[in-house]
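**Student:** Pasted the sequence and its predicted model underneath.
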Amino acid sequence: QSELFLPPENLQPGLLLGDFRLLQHLGSGAMGHVFRAEQLSLQREVALKIFSREYTPDQESLQRFLGEMRLIASLDHPNIVTALTAGEQDGVCYLAMTLVEGDDLEMALKKRGQLPEKEVLEVARKMGEALRYAWNTRQMLHRDIKPSNIRLSRTGTPMLLDLGIAKSKQEDSGRTLDGFIVGTPYYMSPEQARGTRDLDFRSDMYSLAATMYHLATGSVPYDADSSMAVVTKHITEPFPDPSERRPDLSAGFCELLEIVMAKDRSDRPDSWDEFLAMLTRVGHGQMPRGDGGGTRRRKLSKNRPTTAPPEPVQAAGPVATADGMSPLKQILAGVAVMLLVLGGVWALMLYQRQLQGLDDPPVVVVPPVKQQPPPADPAAAVTATVLPTSDGAPDGTAATPAPPVEDALVTVQRLSLEDLLLTAKHQPELLDKV
């Protein structure tokens, strides 16, 4: 069937796929291409999504695809774009959906910039209600919540698009469209980025909060040069405070995003009902959990990463530690402290040596003395050398006799400057020998 799949250049207006004629190309994504099309039997315009060949590589995958499309078509909610029918022709799989005229929120960001906080909360409430319905009735996950998948109708109603990669936990895991990580890195939950199989509604909740962050601040929570680096930041980097990017955001709004974007999904709201209740409180000017704001200070410490990035994801830079400082910075700080301490000790030692007059005392070398034969009189067996002392000892005080030495032996004595001056005064002949 791979030969029958039409490459993008052959998907031209006028092409017939089953009951549909392509009219206009609306956009493309990782999963395929979207066209405005005419349903010939009912003479109405629809949005027709044509899936990439990789999505249904064989007959078994095709049957799984058709089964999930039927599941999507069973959803009926005012904020979910209705799936009309799905089919396959010559290896080309497609999904027909209600055509919603209007801009998606990615276009709105480009045209308007940051959206007002109240508008972001209203969009999040509608999307939360739609996702709650999909989870509670079918245990269905969207897995790709992002601004471009939320379209504002001409009446201003936000509509959830692209349930084409949705997944239901009610289906057997062997009959779902697995084999690759789906989603958009900028909004992907940490567990989804790791490829966790037991995803639940809290993954979509994280993605919705990341979308709210983008709509309110005008920038994605985490950015990098590659997709792998972005998802690594979702796993390892601390939560970036949105008020630093837009100071006029309320404390309740910022805390709400921090709670719902917790690294550990057990720290997020336990249900869509709890999430919607938090939205309501924030909309009324309160904190999301109904407290005085202490929650946010507690969550700041809990929302720091404690898990190393998974393979094959490669971190974009040094992994932050629990206190927000990288190991390299900690090492450099420790070395700097040690150098300061050693410098202070060295300076103190130099200062003490200057006070005590011990700076490099001179060395006095006493010339060798030949050993004399012992005298007959024992009383004369000891000869004394009289040296003045620095403490003012009187001349004539006997010093300790030097041990017998050979001719080649030299006795070395270190004297202070004061001792040297006294020696020069009282026994200059000794210095002459030196």
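**Tutor:** That came in fine, so what should we check first?

**Student:** Quick one: low-confidence residue ranges for the stretch 101-250 of the chain.
**Tutor:** Filtered on pLDDT under 70, the stretch 101-250 of the chain yields the residue ranges 164-182.

**Student:** one more time with 80, if that's ok
**Tutor:** Low-confidence segments of the stretch 101-250 of the chain (pLDDT under 80): 162-183.

**Student:** which residues in it form helices?
**Tutor:** Taking DSSP state H, counting those that start in this stretch as the criterion, the stretch 101-250 of the chain carries its helices at 105-112, 117-138, 190-193, 201-217, 227-236.

**Student:** which residues touch the second one?
**Tutor:** Contacts with helix 117-138, where a contact means Cβ atoms under 8 Å, 6 or more residues apart in numbering, come from 71, 74-75, 77, 79-80, 105, 115, 140-142, 145, 150, 157-158, 160, 163, 166, 168, 170, 201, 204-205, 208, 211-212, 215-216, 249-250, 253, 272-273, 275-276, 279-280, 282-283. In short, each C-beta sits where N, CA and C put it, glycine included.

**Student:** Check the first one too.
**Tutor:** Residues outside helix 105-112 that contact it (Cβ under 8 Å, 6+ apart): 103, 115, 123, 146-148, 150-152, 158, 211, 214-215, 218.

**Student:** Please work out how many residues are found near residue 242.
**Tutor:** When neighbours are counted by other Cβ atoms under 10 Å, residue 242 registers 23.

**Student:** okay, now residue 347: neighbour count?
**Tutor:** 10.

**Student:** picking up where we left off before, reformat the helices of the stretch 101-250 of the chain as CSV; add distance to residue 52 and mean neighbour count.
**Tutor:** Supplementary listing: those in CSV, determined by distance: least, Cβ to Cβ, whole Å; neighbours: other Cβ atoms under 10 Å:
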stretch, distance to residue 52, mean neighbour count
helix 105-112, 21, 15
helix 117-138, 24, 19
helix 190-193, 20, 22
helix 201-217, 22, 25
helix 227-236, 17, 22
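
**Student:** Ok, which of the ones you listed comes nearest residue 65?
**Tutor:** Nearest of the helices of the stretch 101-250 of the chain to residue 65, taken as Cβ to Cβ: helix 117-138 at 16.7 Å.

**Student:** Name all residues that make contact with the nearest residue to residue 184 once chain neighbours are set aside.
**Tutor:** Leaving aside its sequence neighbours, residue 184 sits nearest to residue 146 (Cβ to Cβ, 6 or more residues apart in numbering; 4.9 Å). Neighbouring residues of residue 146 by Cβ under 8 Å, 6+ apart: 106, 184, 186-187, 207, 211.

**Student:** which phi and psi does residue 146 have?
**Tutor:** Here is the backbone geometry of residue 146 (degrees, to the nearest 10): phi -170, psi 170.

**Student:** how far away is it from residue 216?
**Tutor:** According to Cβ to Cβ, to the nearest Å, residue 146 and residue 216 sit 15 Å apart.

**Student:** Likewise for residue 25?
**Tutor:** Separation of residue 25 from residue 216 (Cβ to Cβ): 31 Å.

**Student:** Which pair in the contacts of helix 105-112 has the greatest spatial separation?
**Tutor:** Within the contacts of helix 105-112, 151 and 218 form the most distant pair, 19.3 Å apart (Cβ to Cβ).

**Student:** The two: which is more packed in?
**Tutor:** residue 151 (23 against 14).

**Student:** Would you confirm that that one contacts residue 104?
**Tutor:** Yes - counting by Cβ atoms under 8 Å, residue 151 touches residue 104, with 4.5 Å between them.

**Student:** Now for the two: what residues contact both?
**Tutor:** In contact with both residue 151 and residue 104: residue 161, using Cβ under 8 Å, 6+ apart.

**Student:** Am I right that residue 278 is in contact with residue 255?
**Tutor:** No - in terms of Cβ under 8 Å, residue 278 does not count as a neighbour of residue 255; the distance is 9.1 Å.

**Student:** shared neighbours, the two?
**Tutor:** 288-289.

**Student:** Would you map the strands across this structure?
**Tutor:** 16-17, 20-29, 32-39, 44-51, 83-89, 92-98, 140-141, 150-152, 158-160, 167-168, 363-366, 411-414 (DSSP state E).

**Student:** for those strands, which one ends up most surrounded?
**Tutor:** Greatest average neighbour count among those goes to strand 140-141 (a mean of 25), per mean count of other Cβ atoms under 10 Å.

**Student:** Note down every partner strand of that one and its orientation.
**Tutor:** Strand pairing for strand 140-141, determined by DSSP bridges: strand 167-168 (antiparallel).

**Student:** Dump the strands of the chain to a markdown table, plus distance to residue 268.
**Tutor:** Below are the strands of the chain laid out as a markdown table (distance: least, Cβ to Cβ, whole Å):
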| stretch | distance to residue 268 |
| --- | --- |
| strand 16-17 | 41 |
| strand 20-29 | 27 |
| strand 32-39 | 31 |
| strand 44-51 | 30 |
| strand 83-89 | 28 |
| strand 92-98 | 30 |
| strand 140-141 | 14 |
| strand 150-152 | 20 |
| strand 158-160 | 20 |
| strand 167-168 | 19 |
| strand 363-366 | 77 |
| strand 411-414 | 75 |
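
**Student:** To residue 224, which of these lies closest?
**Tutor:** Residue 224 lies closest to strand 20-29 among those, at 20.4 Å (Cβ to Cβ).

**Student:** Contacts for that closest one next, please.
**Tutor:** Looking at what lies outside strand 20-29 - Cβ under 8 Å, 6+ apart - the contacts are 8, 11-16, 33-40, 45-48, 94, 96, 162.

**Student:** go with 7 Å
**Tutor:** Contacts to strand 20-29, defined as Cβ atoms under 7 Å, 6 or more residues apart in numbering, come from residues 11-15, 33-40, 47-48, 96.

**Student:** thinking again about what came up before, kindly reformat the contacts of residue 146 as TSV and extend each row with distance to residue 334.
**Tutor:** As requested, these are arranged in TSV below (distance: Cβ to Cβ, whole Å):
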residue	distance to residue 334
106	46
184	40
186	36
187	38
207	40
211	41
